[in-house]
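> give me the fold of what follows.
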Amino acid sequence: SFVEAFHGLRANVLFSSPDGGPCSIVVTSASPREGKTIVAANLAVGLAQAGHRVILVDADLRQPRLHDLFGLKLEPGLSNLLDGAVDTSVAVRPTQIPNLSGVTAGAHPPNPAELVGSHRFGELLAFFEKQGDIVVIDTPPVMAVADAAILAHRTSGVLFVVAPDTTSRHAAVSALEQLERAKGRFLGAVLNRVDHESDKYRYASYSRSYRTQSKRTVLH
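Now for the predicted structure:
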């Protein structure tokens, strides 16, 4: 059921544009621990399994996690590419999933926001978009730092992850307003870790949902 949920998310992303879907996607959330990295990773895997050439980029330069999920070395990675220390031939690495390549975060830099907002990042993004069909980018939470808003402006779509058990409505709305001011193009939202048996959350009447163990991921 968990896999089927991401198949549905994959389809929604691909049909989000009349020209066949976005070429670069920022996956973010309002706050930490909402599941954005898991969503980014599984979306990338689902797209790759459907035959798309996918490049998954860990742009959370402060608290990277994608290297652990895919068993890759942290370095060389994105920060090393941005400071010119390495070439893309060594930083863009294959994963165990066919059609899926990964760019880990790299060495922890002192100025992450400046790096992702640099002209060099724009050049790298253009390169990734030419090398792959879709680029999926995991970013820090919106309310924590400016990185996600910067990247939302530079990419073709934003997928917003919300976990109602950890994030208030006010925080989610504030994060969406920041992304809107950055002129990010919203593809939609993933409502993550929803307990449909709880009296507190009643989303089943207007959402398509799938059970994942005792919780459900709701896709909008």
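> where does the protein have its least confident helix or strand?
Sorting the helices and strands of the chain by mean pLDDT, DSSP states H and E puts strand 208-212 at the bottom, at a mean of 34.
> need the three-state assignment for residue 55.
Secondary structure state of residue 55, per DSSP: H, G, I helix; E, B strand; the rest coil, is strand.
> verify the stated contact: it with residue 99.
No: using C-beta atoms under 8 Å, residue 55 is not in contact with residue 99; the gap is 10.0 Å. Where C-beta positions appear, they are placed from N, C-alpha and C, glycine not excepted.
> bridging residues for the residue most central in space within the chain?
Centroid-nearest residue in the chain: residue 27, 2.5 Å away (criterion: C-alpha atoms, centre = their mean). Beta-bridge pairing of residue 27 under DSSP bridges involves residue 138, residue 159.
> so what's it up against?
36-37, 39-40, 43, 136-139, 159, 161 (C-beta atoms under 8 Å, 6 or more residues apart in numbering).
> repeat that for residue 139.
Contacts of residue 139 by C-beta under 8 Å, 6+ apart are 26-28, 36, 59-60, 147-148, 151.
> in space, what's closest to it - neighbours in sequence excluded?
residue 148 (4.2 Å; C-beta to C-beta, 6 or more residues apart in numbering).
> what about that neighbour, distance to residue 130?
From residue 148 over to residue 130 the distance is 24 Å, taken as C-beta to C-beta, to the nearest Å.
> between the two, tell me which one has more neighbours.
Here residue 148 and residue 130 are compared on neighbour count by other C-beta atoms under 10 Å; more neighbours surround residue 148, at 32 against 9.
> for the more buried one, which three-state class applies?
Per three-state DSSP, residue 148 ends up helix.
> okay but it is in contact with residue 137, surely?
No: if you go by C-beta under 8 Å, residue 148 and residue 137 don't touch, sitting 9.3 Å apart.
> name the residues contacting each of these two.
Joint contacts of residue 148 and residue 137 (C-beta under 8 Å, 6+ apart) are residue 26.
> I'd guess residue 189 is in a helix, am I close?
No: using three-state DSSP, the assignment for residue 189 is strand, not a helix.
> show me where this protein has helices.
Applying DSSP state H to the chain gives helices spanning 2-14, 36-49, 66-70, 78-82, 88-91, 112-116, 119-131, 147-154, 169-181.
> mind putting those into CSV with mean pLDDT?
As requested, the helices of the chain are arranged in CSV below (pLDDT from 0 to 100):
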stretch, mean pLDDT
helix 2-14, 78
helix 36-49, 92
helix 66-70, 93
helix 78-82, 94
helix 88-91, 91
helix 112-116, 90
helix 119-131, 93
helix 147-154, 90
helix 169-181, 90
